[in-house]
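Novice: sharing a model prediction with you, sequence too.
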Amino acid sequence: MSGGPTKLPGILESVLMPFLNILVALFISGLVVLALGEDPFFALGLLIEGAFGYQEAIGYTFYYATNFIFTGLAVSVAFHAGHFNIGGEGQAMLGGLGLTLAVFWLGDTAPVLSVIVAIFGAALFGAGWAFIPAWLQAYRGSHVVITTIMFNFIASALLAYLLVGPLQRPGGQMPESSDFPEGVGLMQFHELLELVGISFEQSPLNLSFLIALIAAAGVWFMLARTRFGFEMRVTGQNSDAARFAGVSVPRVTVIALMISGALAGMMGLNELLGEQLRLIGNFTLGYGFVGIAVAFMGRNHPLGIVLAAILFGILYQGGAELAFEMPNITRDLIVVIQGLVILFAGGMPYLFRRPVTALYRRFALQGER
Amino acid sequence: MHVAPAIETRDLCKRFGDVKANDNVSLVVEQGSVHGIVGENGAGKSTLLKMLFGFYQPNSGDLIVNGEHISFGSPSEAMAAGIAMVHQHFMLVEPFTVLENIILGAEGQGLLKHAEIDAKAKLKGLEQQFGFDIPLDEPVSHLSVGQRQRVEILKALFRGAETLILDEPTAVLTPQECDQLFDLVKLLKSRGKTILFVTHKLHEIMAVTDTVTVIRAGKVIVRTDTASTSPEALAEAMVGSKISRAVTRADTIKGTPRISVQNVSAESDRGHRALQDVSFDLFDGEVLGVAGVAGNGQTELLEVLTGLRRVSEGSVSLTGSIINSAEVFTDPISLRRAGVAHVAEDRLKSGVVASMSARENAILGYQREADFSRNGLMRLAAIEQAANDYFESQDVRPRNPDLPIASFSGGNQQKLVIAREIARSPQTLIIGQPTRGVDIGAVTKIHDQITELRNAGKALLVVSADLDELMAISDRIAVLCDGILVGIVPIAQADERTIGLMMAGSSAVTPASAGQSQ
């Protein structure tokens, strides 16, 4: 063994590295802004102002982040089991469908019960939609990347069919369902705060954010503390070793991907039960795919995913404001900035590992002397 | 006049971080000689070779080839200087023919046809000169391992190599193929080629080399003429202290059959017949060694005995009750609970999870036992305690179970694996390659441990590619060839020639007492 530490302590690895990557992404974004003839620092100020400058903005930032926490966790759970779930988008759609069916089935006689059943409905339908690709992967060897992508299209088509058919609002022209029964929905934050006498500007941020945090804690607990989590990580890292250890690899694959699907499905809580209060076509808006970047950036650790999700929330909310305030910077440029963050934080996560490790070693060795 | 050495190094140093992999290594390889390099795993042999071959660049020191100071930036520069390496794992494209493999990367012209015609003419000369007999138009996948090695050597000669580096060339060969290799090495030498022969088997050093260099911990310990040294002296130089067998073997006591394998056939992952009508008993108080050239059914045999592969015909019973047949299949966890422990033959492939901590690896396979998990929750304190105990009892270093297992040396990984598998005092141990990638100090310890378990009346089955190892620890040696059990030889009647012929499939030489005895 070498004399000094060759690995970074966890906190540096999971916090400092992504931070450096974001800094580089922002720097290059700044160059692009500069090329468009705008002041990059002013633009950055607008972005941050747009994300945090006023209460409604903060609400929106965390509202978007909630979606990303769910989809990011979904990707990471599958990833820990050694699989790449690209189907978060479709699983979220089906989760939304499950939630909607539960709500209409139970109606408004007991709104709290309706909401609780709807939450389970979302998870169940998301898990169910993941089950088919999972089973095909586990027992037939069909690659889950291919099948989950295909299932996204099927989910989209299914939702489109239902929303211009059986589930469409009677007499409506839009691909959306009737409104949920009165009183069935998740409380929004400003309503909650009102209960304790604090006034907060209205925003779509709702209880789903707390549910997302609980889900993140649950994923952490499952990975670090449960036997299933252990067997799942073994399977993901080395399926031969898993078989050696008596783990049923197909079974773990199916369960892990279903948990992944359930988490993706719960994204619908935020969008539908927290804000829209009806099922609308393509409500997922690509959040399922952004979850892949969030999971990468968060190093597949639940805490990292929550932080990465908030960052993406900032980019979404602040970016929208920026595009609004600076006509030269269009919505497309925001996508460019997001792309750069994904490229540096997700695609090249270890760009700075070597120099930082070298620096850390020097410091650590000096400390020992 | 004095001829400059083919390769000379002066105070060559190579550091990786704080680790000195090579520390002032000075080496002289005379023209037209066979020079042996021996050392334990991790002694720095590979690092040295990679510098000679242009794969690594030294931090300091000189490399002198044919009297000229040289620094290689890449393997192709070393090749241009006439130095070629025959890797332990062959670098051949299996579906390509021998000829295509040989000219690959040296086609020299746009049209393959001309290159092939030119190459054939040149190869004809080489074949005559060195007595090769290799079918040039045959795909490499059809050749035996020994032939493939010859293709590698021919490839090197074709490219004008004057100095050949053979890295652990006998690791994959049968004893007969080894002899052929030794003959070829001597022939190459007589034709003026220089050979660098790297191995950890001392008898090979004694058999083929003129001079030998022993490396330990990155330093040259001994440089001597082979004629004036002995295997014992070399072994001592390699390890640093006299090897002594701490454990003496008790007399073989015939116990009861613990595992009975009856007419077992099994298929490989690719659906080929990997085991065919194999029958034998494994008794308490014995070590049954299983020999064979790699890929002749040993892996499948291990899997059949440990609940990883279902037999297609026949049955395996443990103390009388069937644990594996076409109808019954027992999973690894139930087998471990029934007292059958398994040390995986390929540690990094299936015995450990490289990226996980040593602590988590310490319970792999036992994660469902009540002391490690209850109600689906891991019992972290108990796991930590177990890991610490294993580290202590087997002297695993460094003493830090939080490190990923991949950062431990092979020997220390294996110590942890063995501690894990014997922790619950299993009556039966199925061990694959007990000392693969393990340094020589740890080898002795592992062998002693196997003997101790045997003396304590356990039943052990050991599959190993190292025949010397099997000869040292077994009571009986079973030989597999092409999935067929060629025979079982009691250790008293086992010698390398007999076993070697059996490994090649010849059962005619089986001593009368072998075969279906027991």
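Specialist: Perfect, thanks for sending it.

Novice: contacting residues around the longest helix out of those in chain B?
Specialist: For chain B, the helix with the greatest residue count under DSSP state H is helix B:112-130. For helix B:112-130, contacts defined as Cβ atoms under 8 Å, 6 or more residues apart in numbering or on different chains pick out B:99, B:102-103, B:107-109, B:132-134, B:136, B:154, B:157-158, B:184, B:187-188, B:191. (Glycine included, C-beta is placed from N, CA and C.)

Novice: remind me what the next helix or strand after that helix packs against, helices and strands.
Specialist: Using DSSP states H and E, the helix or strand that follows helix B:112-130 towards the C-terminus is helix B:145-158. Counting contacts by 3 or more Cβ pairs under 8 Å, 6 or more residues apart in numbering or on different chains; DSSP states H and E, helix B:145-158 is packed against strand B:83-86, helix B:98-103, helix B:112-130, strand B:163-167, helix B:175-190.

Novice: whichever of the contacts of helix B:112-130 end up buried, select them in PyMOL.
Specialist: The PyMOL selection below is limited to those of these classed as buried (16 or more other Cβ atoms under 10 Å in any protein chain shown):
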select buried, chain B and resi 99+102+103+132+134+136+154+157+158+184+188
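
Novice: distance between the longest helix of chain B and the chain's centre?
Specialist: Here helix B:112-130 is found 34 Å from its chain centre; the criterion is Cα atoms, centre = their mean, to the nearest Å.

Novice: contact residues of the stretch 301-450 of chain B facing chain A?
Specialist: B:307-308, B:331-334, B:336, B:342, B:344, B:349-356, B:360, B:364-365, B:367-368, B:373, B:376-378, B:380, B:398, B:407 (Cβ under 8 Å from any Cβ of the partner chain).

Novice: can you turn the buried part of the residues you listed into a PyMOL selection?
Specialist: Burial among those is assessed by 16+ other Cβ under 10 Å; the matching PyMOL selection reads:
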select buried, chain B and resi 307+308+332+333+336+342+344+350+351+352+353+354+356+360+364+365+367+368+373+378+407
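
Novice: in strands only, show me the residues of the stretch 301-450 of chain B next to chain A.
Specialist: Mapping these onto strands (DSSP state E) picks out B:342, B:373, B:377, B:378.

Novice: any chance of the residues you listed in CSV with distance to residue B:94 as columns?
Specialist: Converted to CSV, these look like this (distance: Cβ to Cβ, whole Å):
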residue, distance to residue B:94
B:342, 31
B:373, 44
B:377, 48
B:378, 44
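
Novice: most widely separated two among those residues?
Specialist: Taking Cβ to Cβ, the two most distant members of these are B:342 and B:377; they sit 25.8 Å apart.

Novice: coming back round to it: buried residues, the longest helix of chain B. List them.
Specialist: Buried residues in helix B:112-130 (16+ other Cβ under 10 Å): B:115, B:116, B:119, B:123, B:130.

Novice: now the residues you listed as JSON lines including pLDDT?
Specialist: Converted to JSON lines, the buried residues of helix B:112-130 look like this (pLDDT from 0 to 100):
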{"residue": "B:115", "pLDDT": "81"}
{"residue": "B:116", "pLDDT": "84"}
{"residue": "B:119", "pLDDT": "86"}
{"residue": "B:123", "pLDDT": "88"}
{"residue": "B:130", "pLDDT": "84"}
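
Novice: look up phi and psi at residue B:436.
Specialist: With angles defined as degrees, to the nearest 10, residue B:436 sits at phi -70, psi 130.

Novice: quick one: stretch A:258-268 near chain B?
Specialist: No - judged by Cβ under 8 Å from any Cβ, stretch A:258-268 stays clear of chain B, getting no closer than 14.0 Å.

Novice: not counting its neighbours along the chain, what's nearest the one residue in chain B that gets nearest to chain A?
Specialist: Nearest residue of chain B to chain A: residue B:333, at 3.5 Å (Cβ to the nearest Cβ). Distances taken as Cβ to Cβ, 6 or more residues apart in numbering or on different chains place residue A:246 nearest to residue B:333, at 3.5 Å, with adjacent residues excluded.

Novice: just residue A:137 next, same as before
Specialist: residue A:144 is the one closest to residue A:137 (Cβ to Cβ, 6+ apart), at 4.2 Å.

Novice: contacting residues around the helix or strand bottoming out on mean pLDDT in chain B?
Specialist: Every helix and strand of chain B was ranked by mean pLDDT, DSSP states H and E. The lowest is helix B:231-239, at a mean of 76. Identification of contacts with helix B:231-239 by Cβ under 8 Å, 6+ apart yields B:38-40, B:43, B:200, B:202-203, B:205-206, B:212, B:214, B:216, B:221-222, B:242-243, B:440-441.

Novice: same question, stretch A:132-144
Specialist: Stretch A:132-144 is contacted by residues A:78, A:83-85, A:87, A:147-148, A:151, A:249-251, A:253-254, A:256-258, A:261 when judged by Cβ under 8 Å, 6+ apart.

Novice: for it, buried residues please.
Specialist: A:132, A:133, A:134, A:135, A:136, A:137, A:138, A:144.

Novice: could you look up the SS state of the most centrally placed residue in chain A?
Specialist: In chain A, the centroid-proximal residue (Cα atoms, centre = their mean) is residue A:68; its distance is 2.5 Å. Under DSSP: H, G, I helix; E, B strand; the rest coil, the three-state class of residue A:68 is helix.

Novice: so it versus residue A:271, what's the distance?
Specialist: 12 Å (Cβ to Cβ, to the nearest Å).

Novice: next one: residue B:325
Specialist: 55 Å.

Novice: now the strands for the stretch 251-369 of chain A?
Specialist: Assigned strands in the stretch 251-369 of chain A: none (criterion: DSSP state E, counting those that start in this stretch).

Novice: which residue ranges of it form helices?
Specialist: Here the stretch 251-369 of chain A has its helices, by DSSP state H, counting those that start in this stretch, at A:267-268, A:287-297, A:302-325, A:331-341, A:353-368.

Novice: out of those, deepest packed?
Specialist: Ranked by mean neighbour count, those are led by helix A:267-268 with a mean of 34 (mean count of other Cβ atoms under 10 Å in any protein chain shown).

Novice: does anything pack onto that helix? Which helices or strands?
Specialist: Using 3+ Cβ pairs under 8 Å, 6+ apart, helix A:267-268 sits against helix A:55-80, helix A:88-106.

Novice: and those helices as TSV, adding distance to residue A:288 and mean pLDDT?
Specialist: Output for the helices and strands packed on helix A:267-268, formatted as TSV (distance: least, Cβ to Cβ, whole Å; pLDDT from 0 to 100):
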stretch	distance to residue A:288	mean pLDDT
helix A:55-80	5	97
helix A:88-106	3	96
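
Novice: and these: which comes nearest residue B:271?
Specialist: Relative to residue B:271, the nearest member of those by Cβ to Cβ is helix A:55-80, separated by 29.9 Å.

Novice: residues from the stretch 201-350 of chain A in reach of chain B?
Specialist: Within the stretch 201-350 of chain A, the positions near chain B by Cβ under 8 Å from any Cβ are A:225-231, A:233-234, A:237-238, A:240-241, A:243-246.

Novice: looks to me like residue B:460 is in a helix.
Specialist: No - using three-state DSSP, the assignment for residue B:460 is strand, not a helix.

Novice: coming back round to it: buried ones among the contacts of helix B:231-239?
Specialist: For those, a burial check counting by 16+ other Cβ under 10 Å picks out B:38-40, B:43, B:200, B:202, B:205-206, B:212, B:214, B:216, B:221-222, B:440.

Novice: which of these fall in strands?
Specialist: Cross-referencing the buried ones among the contacts of helix B:231-239 against strands under DSSP E gives B:38, B:212, B:214, B:216, B:221, B:222.
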